[in-house]
Each structure stands twice: as structure tokens, then as C-alpha cells.
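Asker: Predicted model, plus sequence, below.
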Amino acid sequence: MEPDPAKAKTISPERRTGGEGGTPFLSLEDLRPSPRARKRLMDRLMPRRHGYLLFDPSRCTGCGTCEMVCGKRNVSLVAPASASLKVLRNEESGKNFALYCQHCRKPLCLEACPTRAIARGEDGIVRIEKLFCVECGICTMACPEAAPLRDPRTKGIHKCDLCEGDPLCARHCPEEALTYTRGKAFRWIKGLRWTVQAASFLLLVFILIGTFCFFKAGVVSLSCPTGTLQNIASTKTIVLTGIFSALALILLTVLAGRLFCGWICPFGFLLDLAGKVIPRKIAPPRWMANRLNKYGVLAGAVGGSFALGYQAFCTVCPIGTLCRSYGVQGFFRGAELAVVPALAALEVTERRSWCRYFCPVGALLALVASLGLIKIVIGAKKCKKFSCIQCAEVCPVGIIDGNILREGVSPKIPMTECISCFRCIDRCPYGAAKIRFRWQRGVPGEEKP
Amino acid sequence: MNQENDRLAQVKRYSRASFCVECGRCVAVCPMADMYADFSIEMSPRGVIQKVLRGGRAILEDKNIWYCTECNAGTEICPQGVSCRDLIRGLREMVLEEHSEDRVSYCRCCGKPFLALPVENFVLRRLEEEPPNVRALLECCPACRRLTYFRRNT
């Protein structure tokens, strides 16, 4: 059965009724609104967030207080077996682990429930509606962690609902291994980055025209490293001041990775904005989706400049075009500026596809960033694998492999591709994504004490 | 053979199958109606109960006992206290003790039977958009899944 992309958002009648050739008939789903119904605009802009029940395995002693208070809430008995969370104990290694529902962002139990009794509230809490639940246990079978637990006494299914915002287990945990917080996500990097991006866009495009390519104020001069390379290639003379002025950006890249791409680049800002509007529908063709392309473009730009005698790529460079297009030189210099929307249209394949695959400025910075001082690490042990994978979702250059993370392996993040936007660090609610120095070993959750 | 009949009688007695009045309430609440397109009277709890009462041990060869999710709905609503879940569970245990049945899926990690195959197919069909490594994990029994998760996180 070929899944129809148009129907991918909703459950097709075939899937609903089970198997090919099944005639669609009225089912419970027709009576109840689909849990995937479209969100209202305000909820999209300002989503109401639930807190996160965080568990620290190094603090847990396996006392089982959480199970007792949880069981008390579920069945009015001090019955640890009736709890919505389970403490797994290993007497040999002495390690303990509390297993409970992580309130996935895309819950598999919700997909699988035959009676559609499971719903994800607008506050993000996944609840089982007792009225519709027949306690068949299919949610346990669908959950990768098998977190909905079957009560051996009443044969019912219990699943954590975060006690509607004040979990008893966190309140009563004597070692504070379970804590209920708003998560470890920063959530302010986002605002800071957008502000910096907008400010540098204003500065580079509107106020100091053409300043990205070359800028001189007194003795201080700054220039684009790729442009400088092309300049050297085309004029066949090396101007020392030009090299020194290009070094500023190189130095920044060594210190902080491709910070320029993620935070300063005016075209990158435009692409980020375009990516918010343009739907990503088309898979990029094979030849395009190769991250080595950009080095080819860089080599071509330098070689072309050498052969042609003028800065070949700079005439079509989207960053340069943006910076030079406004001001006295003429408002919207038609043909030249057409490059910008043409390349922004690449967003229809993947986010920042220009930066990923083609940008020679980024390519040069990527070469430098491989010598950089910092790296981004994601610790799979701290991460909640199946329920989240937000980092892979928000990464604009798509270098975080969510599938490897699901396997429980910390992914290696190539700093040559990373544009240091720090979205992953901003979003991770479990504090698993961190900035580290290049020489530091270990990832969050796996360091030696 | 005699022992088997005793066992069948025991299962019947334990699940109170002979008290069934064929009211059909269990069919009305049965989630199988939502799960399978070919839901039929033979597959429904009432059909299985009647076949047990009338046909005796022929039910053990019937594929219809493997569709049930062993939920609580029919048991809870029955006015006579018949537990279709206990009946089906007993029948399945009898079959599994005799020979390993190809209608059950076995845990990939510990090798024990944990789910009837039609039910697992239903789950996998509902989750067919998930990445393969998540789907592969669903082939383990819940206890093994919890253990895997435990090992990966500590």
C-alpha cells in the first residue's frame, strides 16, 4: 500500500479499517474530532507548555516512594504495582531508573489506540480518556518505552498525566531524583539570535551599504574572505591589508564556529525568514543534496576569477548582492537582485539549502571551522530519544541524526556543517545539547565523575 | 484427550462462558470492530463464546481467537459476568502449550510469545510512518523494551 503524501496528515480510511480493500465505515473517529485537528493561531504563536518531569538516575536510590504516592492517587491504595510509573532496579550495577510517560510530541500510543481514547491536550499533556478507554493495552504495545503500565490487580492501564501539573512523585521524592521543572531549555537564545540577525541585516544592507564585501573605517578594514581569495586570484597580486581584513571573520570562525552563517549573514537571515513561509514540499535532487558541492563552487569561483580576471562569483553572490543593492547605487537594481529570490526559492526543498550545498563563503568558513575551538555535543543518555528529537527537527542544516539518537547513540556533529545557530541548545528540555571545547571529552550524561 | 476436555471445561467454568445470554453488549463495545475491516460475528466475543459452548474443542483450531486484544471492555459490560478475556486467554494458553502457534509474535529479545499476530499487525499498520528503528523496537515485548530503555539511560 503506497502512502499518499496528501493524506499523510490524517489517517486514511484503509488504515483505519485495517487492510487493503476494506470498505470505510463509520467508526469512533468520525464522532470525535481528530487529535491532529488544526491548531488555532494563538496556540501556534504562543503554545502553552507543560513542565517536564526530569529524572536524574545518579540521585535515585530506588526507594519506590514515587510508585507508592502514584499508586495511591490511581487506586486510593498504597499499591506500588498500580502506579503510573515504574522504578526499574538493577541490584548488580546498583542503578535505578524511573520509567514513566514522557508525553511525546508525536505520541505513538495516540496513533495506535483503537478507540482513540488517548489525546494530547493543548498544554502538551498526553492523557487517556477513561470514558473511551477499554484497557486493551495496545498503547503499551505501541510505546517504544512501554510506559503505559498494566495494573496486575484491576487489569487496568495507568499512564502518567503529570498529576495535571503538580506531580506527586516529584513532590515526594526524598532524593530529588524526580523534579518537575519547566525543563532545561534556554529559550532566550532564539530571541537573541533573531535580534542580532535583524540588526546585522539592517546594518549591512541598509545603513553601511556594501559593508560585508569590504569595509574600511580609518585603519580598521574588514572584508569577505572568499571575496579576498577571488581578488587575489583575479589580480594575481597579494595585498597584505586585504588578507588582514579578511582575517577578522576567519578568527571569529575559529573561536565560535560558523557563527557568521547563523547569526550575521544577511542572506541567511532572509533564508530563515523565507523558510518560515515557504512550505518544504520537494525532496532535493541527488546531485544537489551533496554537502561537498559548496567546496566545488568555491574552487570554481577562485578558478573562474583566475581565468576571467575579475571576481567571478562576487557578481552573483547573494550576500554581496543584498548588501550592494540598496542606497545610492540604485533602488532595487533589477537583474542583480533577482538572484536573491531565485536562491531563496531553494527553501522549498530543505531549510537553508543554499547554505548547506552551495555557498562558497560558507565553504571557506567550513574549512576554517574544522580547526575551530568549540563543538556541540548531544548526550544520548540525557536525551529522551523517542519522545522528543526536537534538536534534529529544529536544526536548519539538518546535521543532527535523530535516528542515531533514537538508537541511544550520541550523534557526532560535524562542526564544518554546523552554523552555530545554537537552536538545538536552545530547545533541548533535558540539557543534553551543550557547547564544549574541542579538547573536552565525553558528552552530557556520560562524563566521568 | 480427556485431559484436554477437562481443561476446556475448566476454562469455560472460570470464564463463566455458559452463563452467556447472547445479549451482544460485548460486541457493541468490542474495539476489534474498529480495528479490523473483516470484523465478523465469528470473530466477535459472542461468536467465540457460542462456538466454545456448541463446538467444543474445534475452537482451538479457529483463527478467530487470535484477533482479540484481551481488553477489559466486554468483561466490564457483561450483565452475566462472563469474562470473554479470560476465555480467550485460556484458549490461547491451551493452544500455545500444545504447539507453538504461528499466529503469535515472539519477542525478538527474549523469545517469549507476547502478542497475537493480528494485533501486532494492527499496531504496525497504524505506525507505518514511523522510522524503521522505532518499528524494530516494537517487535520486543514490553518488559524487554523497558530493559533496553533502562540500559540506554543509565
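Answerer: That came through, no problem.

Asker: Tally up the residues packed near B:Gln10, please.
Answerer: Neighbours of B:Gln10 under the rule other C-beta atoms under 10 Å in any protein chain shown: 12. Just so you know, the C-beta spots here come from the backbone N, C-alpha and C atoms, and that holds for glycine as well.

Asker: what helix or strand does it sit in?
Answerer: Using DSSP states H and E, B:Gln10 sits in helix B:2-15.

Asker: Counting by contacts, list what that helix packs against.
Answerer: Here helix B:2-15 touches helix B:45-55, helix B:84-98, going by 3 or more C-beta pairs under 8 Å, 6 or more residues apart in numbering or on different chains; DSSP states H and E.

Asker: which residues are contacting the shortest one?
Answerer: Counting by C-beta atoms under 8 Å, 6 or more residues apart in numbering or on different chains, the neighbours of helix B:45-55 from elsewhere in the structure are B:8, B:12, B:17-18, B:20, B:22, B:24, B:26-27, B:30, B:40-42, B:58-59, B:62, B:64-65, B:68, B:74, B:82, B:84, B:87-88, B:91.

Asker: again, only using 7 Å
Answerer: B:12, B:17-18, B:20, B:22, B:24, B:26-27, B:30, B:41, B:59, B:62, B:64-65, B:74, B:82, B:84, B:87-88 (C-beta atoms under 7 Å, 6 or more residues apart in numbering or on different chains).

Asker: Also stretch B:104-111?
Answerer: Applying C-beta under 7 Å, 6+ apart, the contact partners of stretch B:104-111 are B:Leu96, B:Lys112, B:Pro113, B:Phe114, B:Leu115, B:Ala116, B:Leu117, B:Glu120, B:Glu139, B:Cys140, B:Cys141, B:Cys144.

Asker: Restricting to C-alpha, output the helix holding B:Gln10 in PDB.
Answerer: Extracted in PDB, the C-alpha atoms of helix B:2-15 (Å, rounded to 0.1, in the frame of the first residue of the first chain):
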ATOM      1  CA  ASN B   2      -9.800 -36.500  28.200                       C
ATOM      2  CA  GLN B   3      -7.400 -34.200  30.000                       C
ATOM      3  CA  GLU B   4      -7.900 -31.600  27.300                       C
ATOM      4  CA  ASN B   5     -11.600 -31.700  27.700                       C
ATOM      5  CA  ASP B   6     -11.200 -31.200  31.400                       C
ATOM      6  CA  ARG B   7      -9.000 -28.200  30.700                       C
ATOM      7  CA  LEU B   8     -11.600 -26.800  28.300                       C
ATOM      8  CA  ALA B   9     -14.300 -27.300  30.800                       C
ATOM      9  CA  GLN B  10     -12.200 -25.600  33.400                       C
ATOM     10  CA  VAL B  11     -11.600 -22.600  31.100                       C
ATOM     11  CA  LYS B  12     -15.400 -22.400  30.400                       C
ATOM     12  CA  ARG B  13     -16.200 -22.500  34.100                       C
ATOM     13  CA  TYR B  14     -13.500 -20.000  35.000                       C
ATOM     14  CA  SER B  15     -14.800 -17.500  32.400                       C
END
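
Asker: Now the element after it, going C-ward?
Answerer: By DSSP H and E, the next helix or strand past helix B:2-15 is helix B:25-29.

Asker: wait, does the host helix or strand of A:Cys109 contact chain B?
Answerer: Using DSSP H and E, A:Cys109 sits within helix A:108-112. Yes: applying C-beta under 7 Å from any C-beta of the partner chain, one finds helix A:108-112 in contact with chain B at A:Leu108, A:Glu111, A:Ala112.
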